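A.B. asks: fold the following for me, if possible:
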Amino acid sequence: MLRSARNDSASRVPHLYAIAIGSNRPHGRHGRPPQVVEAAIARLDGEFGLFDASPIVLNAAHGGAGRDFANTVALVESDLEPVEMLARLKAIEADFGRRRGRRWGPRVLDLDIALWSGGKFRSRQLTIPHPQLARRSFVLQPLAAIAPDWSLGPLAVRHLTGRLARKRPQG
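C.D. replies: Just a heads-up that it's a prediction; the model follows:
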């Protein structure tokens, strides 16, 4: 029995995940949002295989989030399937003190699966690519720094980043 369990885990194919990381609330142990993001990268490196991480950027808050965000994207390798990966990311958020609250509210840590090497995925809990990815410069710009040629449908991340940068506010 143990032998077959080893074979099952050995037969799982590793996936590459692009994890969007954000914080806009300080943490008692880790400090200000940029340090929270650094601690989250270290945690992802400890739990998965960290392939790369973009520089941390500071961005204005959206919606009712209040404080500005520190954002980055990390590429991690894991044999977990998307729903399992989502559960692990939510557990990490909880370990950092994230509490479910209002949408767009302040948060110690936000971890989202932006993309994965398996292409499109959809379940009740999760949609990959992230449904708002093409509109989120705070994810696309860091992602373009480390994976500019990752395809998102017919366009690469660098093309989507360029399109978003050219858009002008209306009104």
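
A.B. asks: what packs against the helix or strand encompassing Ala87?
C.D. replies: Using DSSP states H and E, Ala87 sits within helix 82-95. Using 3 or more C-beta pairs under 8 Å, 6 or more residues apart in numbering; DSSP states H and E, the elements in contact with helix 82-95 are strand 15-23, helix 33-47, strand 110-116. From N, CA and C alone the C-beta is placed, and that goes for glycine too.

A.B. asks: tell me the spacing between Leu58 and Asp112.
C.D. replies: Distance from Leu58 to Asp112, counting by C-beta to C-beta, to the nearest Å: 18 Å.

A.B. asks: out of those two, which sits in the busier spot?
C.D. replies: Asp112 (20 against 12; other C-beta atoms under 10 Å).

A.B. asks: and the residue nearest to Gly118 when sequence neighbours are not counted, what does it touch?
C.D. replies: Spatially, and ignoring its direct neighbours in sequence, Gly118 is nearest to His15 (5.8 Å; C-beta to C-beta, 6 or more residues apart in numbering). His15 makes contacts with 77-81, 85, 116-118, as judged by C-beta atoms under 8 Å, 6 or more residues apart in numbering.

A.B. asks: what does Trp116 give?
C.D. replies: 15-18, 82, 85, 128.

A.B. asks: just the CA coordinates of the helix holding Ala87, formatted as CSV?
C.D. replies: The C-alpha coordinates for helix 82-95 follow below in CSV (Å, rounded to 0.1, in the frame of the first residue of the first chain):
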residue,chain,number,x,y,z
PRO,A,82,-5.3,24.0,-8.7
VAL,A,83,-8.0,23.4,-6.1
GLU,A,84,-5.4,21.9,-3.7
MET,A,85,-3.0,24.8,-4.4
LEU,A,86,-5.8,27.3,-3.7
ALA,A,87,-6.5,25.6,-0.3
ARG,A,88,-2.8,25.8,0.6
LEU,A,89,-2.6,29.5,-0.3
LYS,A,90,-5.7,30.2,1.8
ALA,A,91,-4.1,28.4,4.7
ILE,A,92,-1.0,30.5,4.3
GLU,A,93,-3.1,33.7,4.2
ALA,A,94,-4.8,32.5,7.5
ASP,A,95,-1.4,31.9,9.1
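
A.B. asks: pLDDT score for Arg6?
C.D. replies: Reported pLDDT at Arg6 in the predicted model: 39.

A.B. asks: er, Gly63 I mean
C.D. replies: pLDDT for Gly63: 56.

A.B. asks: what do you get for the one 10 residues further on?
C.D. replies: Among the per-residue scores, Val73 holds a pLDDT of 97.

A.B. asks: looking at this, it is in a helix?
C.D. replies: No - judged by DSSP: H, G, I helix; E, B strand; the rest coil, Val73 forms no part of a helix; its state is strand.
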